[in-house]
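Asks: Prediction below, plus the sequence it came from.
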Amino acid sequence: MQLYSFFNSSTSYRVRIALALKGLSYAYTGVNIRTGEQRQPDYTRLNPGKGVPLLVDEQGNHISQSMAIIQYLDDTHPQPRLIPQEPLARARVLEVSNLIACDMHPVNNLRILGYLARELGASDQQKQDWYSHWIREGFDGVEGLLERHGFGRCCFGDEPTLADVCLVPQVANALRMNCDLSAYPRIMAIYEHCQQLPAFIQAAPANQPDVIR
């Protein structure tokens, strides 16, 4: 397999965690989304969505969008499962995962922050306020769901699921953006636990070949 990724793209981070948890090897190709490599013709021919991650599997199938990639990996390499099969457990995991992937991440990604500055003239402080606001909005919901339904050292039990795969990169981004996360003890306990797990260490931005220090 081949993974097109950027070291601190949270969506790429999700897929790297999933691949590591499943023990799957892959060739890594860095795509620098800060300099616009994802919009270059050679790459858009591979991924018309102009983003990362992009997975090319052993049969040459091209799959973009992190949630689609992880679902595909769960279907084709089901051990360990990241999306439970039991209906209620599946719904709980997807509830948290989608809150992060659909409500939080899209409004705070690099494209949006760039548009705020470039087209709307937002200052650095205004961008920070924007980012922090949506982190609070999202993590208020995540913390509430985990307090109501979560258990164990991970979001749902002691083994990582898709919820943890989505949560850890979002926390990492929030910390990188200097957001105050002290109001979220359950989230932070899960994050700190996952930071000690080999798959999460392997997938961390600092450990990628295209890391920019």
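Replies: Great, that's in hand.

Asks: How far does the lengthiest helix in the chain sit from its chain's centre?
Replies: In the chain, with assignment by DSSP state H, the single longest helix is helix 124-149. The chain centroid and the centroid of helix 124-149 are separated by 15 Å, computed with Cα atoms, centre = their mean, to the nearest Å.

Asks: please begin residue numbering at 42 from this point
Replies: Right, with 42 as the first residue, what we last looked at is helix 165-190.

Asks: By neighbour count, which bits of that helix are buried? Give me those.
Replies: By neighbour count on 16 or more other Cβ atoms under 10 Å, the buried set for helix 165-190 is 168, 171-173, 175-177, 179-180, 182-184, 186-187, 190. For every residue, glycine as well, the C-beta is placed using N, CA and C.

Asks: and which of the residues you listed is nearest residue 119?
Replies: The nearest member of the buried residues of helix 165-190 to residue 119, counting by Cβ to Cβ, is residue 190 at 23.4 Å.

Asks: Quick check: next helix or strand after the host helix or strand of residue 209?
Replies: Following DSSP states H and E, one finds residue 209 within helix 203-217. Once the chain leaves helix 203-217, the next helix or strand it forms, by DSSP H and E, is helix 226-235.

Asks: now the residue of the chain most remote from its centre: how far from residue 147?
Replies: If you look at how far each residue of the chain sits from its centre, by Cα atoms, centre = their mean, the farthest one is residue 162, at 27.8 Å. Between residue 162 and residue 147 the computed distance is 22 Å (Cβ to Cβ, to the nearest Å).

Asks: before we move on, back to that, just checking, what packs against the helix holding residue 209?
Replies: On a contact count with 3 or more Cβ pairs under 8 Å, 6 or more residues apart in numbering; DSSP states H and E, helix 203-217 meets helix 51-62, helix 128-139, helix 165-190, helix 226-235.

Asks: For the longest helix of the chain, the averaged confidence score.
Replies: Helix 165-190 carries an average pLDDT of 97.
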